[in-house]
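1. need a 3D model of the following:
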Amino acid sequence: MIVPISISIEELNIPTLFPMMVAIIGALVILCIDLVSKKLHNTLYVMLTVLVLLIDLGMVIGYSGSVRGFFDVMLVDGIAILTQAIIIIASALFVLLTLSKQRFHEYKYPEYFALFLFMTAGFQFMVASDNLILIFVGLETASLALYTLIAMHNRDKSTEAAIKYFTMGAVAASFIAFGSMIFYALTGSVELGQISASLVANDFANYPLILVGVVFILGGLGFKLSLVPFHTWAPDVYEGANSALAGYMSVVPKIATFVVALRFFEIFTSVENKWVELILYIIVVLTMTVANMAALVQKDVKRMLAFSSISHAGFVMGAILVGTSQATQGLFLYWILFAFTNFGTFALLWANRSKNNESYGSDHPFERFAGLIKTSPAVALTMGLFMLSLAGIPPFSLFWGKMFLLSATINADYIILALIMALNSAIAVYYYLKLIVFMFLKEAKPENHTVAMENSSKYAVALLSITAVLTITAIFYIDPLLEMINMYVEISGY
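-> Predicted structure coming up:
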């Protein structure tokens, strides 16, 4: 006799799905509107996307229900809420950049904005779960949409970048799937909490197999975070994507993956598992150092920024290795400050792009910025601020993130790691100042055209102004930002 299973709506806790449902329904609405009428201006889709994201943000911030939901696959704790808010705000800022005076190819299609909302929902699923299956589904939902968005830039380098990203992304996905299978075989569960409890209860039996699973998961997550040696795709993909999307890729996918890595590696760092800590240590040091060395020899600003973002990812990965509450707070503080600065930098490259001139679309040699202070003083000053912040020069914003993260590393007795982090920060100053030297001290060549904000909408100018002001006035909002981060981290128990 088959016994029916009784499931109450209250136990499912459906509201945990509402934020993602808003984004998915919004994407479907955009596609349906496009079916009805093909002649609508893309400004409508931009405003619809922003409206959907604002509703999504309201759902996230306003959620006060139980932590678990939908057969316990959803985990809406403090870190999930904080990270979703970062993802949604960054996504809304990106969408506003699509309102330019010149309509670029990919922004003509409603499908672009629908895919963007699907991607946002995928990243939200990643951070709002500790279930390896749902994390994988969210990751692939976001990745498949992102591959398409890159290809829609419709340039030779864009197609190449999308194919390369897709191919290597498929390999990374298989790594995560295989690693998840190993942990399911060892523990009988795909929920990270239950995996942790099972491994600890069995005193990490079958340890060699556990390490194999860790390496596969690290390979998959390392691809998304562009950690060395899984970073080779990043410079080419950043160069092939339009500059605004490259800036988005340097921030949002990585914060989503950092949260997954935080939840996964907490299983091992909380019990001071030496071999896993050693693997993470090596990856962190290699990522910071190799990326910095590569950035030093770049002749293209966009590729330099790509390697720079890899180095920053290695820096933040150190917080996951340290594994303390202060380090977790430092992770979010650093990445929020980095998000504004780095996104502003890429947005500035995008805003000064000419539709009929690819020099600022996919190729940004240092020489083209020579003498920029004379031809476009506002652009040179803004870019200079962003470079000083990324270099960690006080009192600009990212300096405080670096100091807090270094403090957390030293307090956890990782003295050598802190020294390596400080040394890499010093090395990075060179290639950031290199661009400043070109802009302020080099003479402009006659063939260089003037860089101006003529293609930018008032929204792009406003965004760049906000990021520049925040970069300068960082010292005044570090404490309240830390208090907010601390509140959400403590809710999650980290």
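2. average pLDDT across the helix or strand Ser465 falls within?
-> Using DSSP states H and E, Ser465 sits in helix 458-472. Averaging pLDDT along helix 458-472 yields 76.
3. same check, this time on stretch 174-192
-> 93.
4. list the contacts of the helix holding Ser465.
-> 93, 96-97, 99-100, 340-341, 343-344, 347-348, 350-351, 382, 385-386, 389, 396-397, 453, 456, 477 (CB atoms under 8 Å, 6 or more residues apart in numbering). Glycine gets a C-beta too; all of them are placed from N, C-alpha and C.
5. any of those buried? List them.
-> 93, 96-97, 99-100, 340-341, 343-344, 347-348, 350-351, 382, 385-386, 389, 396-397, 453, 456 (16 or more other CB atoms under 10 Å).
6. let's see which of these end up in helices.
-> Judged by DSSP state H, the subset of these located in helices is 93, 96, 340-341, 343-344, 347-348, 350-351, 382, 385-386, 389, 397.
7. which one of the residues you listed sits closest to Val171?
-> Using CB to CB, Phe343 comes nearest to Val171 of these, at 27.9 Å.
8. who's in contact with Ile89?
-> Per CB under 8 Å, 6+ apart, neighbours of Ile89: Leu57.
9. tell me the secondary structure for the residue lying closest to Val290 once chain neighbours are set aside?
-> In space, and not counting its chain neighbours, Val290 is closest to Val228: 4.7 Å by CB to CB, 6 or more residues apart in numbering. Per DSSP: H, G, I helix; E, B strand; the rest coil, the local secondary structure of Val228 is coil.
10. ok, Val228 - how many residues close by?
-> 22 (other CB atoms under 10 Å).
11. report pLDDT for it.
-> 87.
12. I'd say it and Thr287 touch.
-> Yes: between Val228 and Thr287 there is a contact under CB atoms under 8 Å: 4.4 Å.
13. overlap in contacts of the two?
-> In contact with both Val228 and Thr287: 310, 314, using CB under 8 Å, 6+ apart.
14. OK, contacts around Lys334?
-> Rather than Lys, residue 334 is Tyr. Contacts of Tyr334 by CB under 8 Å, 6+ apart are 315-316, 319, 398, 401-402, 404-405.
15. make a PyMOL selection of the buried ones in the residues you listed.
-> Applying 16+ other CB under 10 Å to those leaves a buried subset, and the PyMOL line that selects it is:
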select buried, resi 315+316+319+398+401+402+404+405
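16. give me the subset of the contacts of Tyr334 that lies in helices.
-> Using DSSP H, the contacts of Tyr334 in helices are 315-316, 319, 398, 401-402, 404-405.
17. between those residues, which is closest to Asp203?
-> Ala319 (27.5 Å).
18. what's the distance between the closest one and Phe340?
-> Distance from Ala319 to Phe340, counting by CB to CB, to the nearest Å: 19 Å.
19. isn't Ser196 right up against Phe264?
-> No: between Ser196 and Phe264 no contact is recorded; they are 9.4 Å apart, counting by CB under 8 Å.
20. how many other residues sit next to Val461?
-> 13.
21. what do you get for Met126?
-> So Met126, with other CB under 10 Å, has 28 neighbours.
22. try Leu441
-> Neighbours of Leu441 under the rule other CB under 10 Å: 10.
23. how close does it get to Val252?
-> In terms of CB to CB, Leu441 sits 35 Å off from Val252.
24. just flag the most distant two among the contacts of Tyr334.
-> Farthest-apart pair in these is Ala319 and Leu398; separation 14.5 Å (CB to CB).
25. strands of the stretch 351-494 of the chain, start to end?
-> Counting by DSSP state E, counting those that start in this stretch, the stretch 351-494 of the chain forms no strands at all.
26. poorly predicted segments of it, please.
-> Scanning the stretch 351-494 of the chain for pLDDT under 70 picks out 352-363, 445-460.
27. the nearest residue to Ile267 once chain neighbours are set aside: neighbour count?
-> Using CB to CB, 6+ apart and skipping the chain neighbours, the partner closest in space to Ile267 is Ser196 (4.2 Å). The number of residues packed near Ser196 is 20, by other CB under 10 Å.
28. residues contacting Ser196?
-> Taking CB under 8 Å, 6+ apart as the test, what Ser196 contacts is 266-267, 270.
29. again, but for Glu443
-> 370-371.
30. for it, phi and psi?
-> Backbone torsions for Glu443, taken as degrees, to the nearest 10, come to phi -90, psi 140.
31. any idea how far it is from Lys434?
-> Relative to Lys434, and taking CB to CB, Glu443 is found at 16 Å.
32. can you check Val137 too?
-> 42 Å.
33. swap in Leu349?
-> 16 Å.
34. of the two, give the one with the bigger neighbour count.
-> Leu349 (21 against 17).
35. now do the contacts for that one.
-> Leu349 makes contact with 243, 301-302, 360, 364, according to CB under 8 Å, 6+ apart.
36. okay then, goodbye and thanks.
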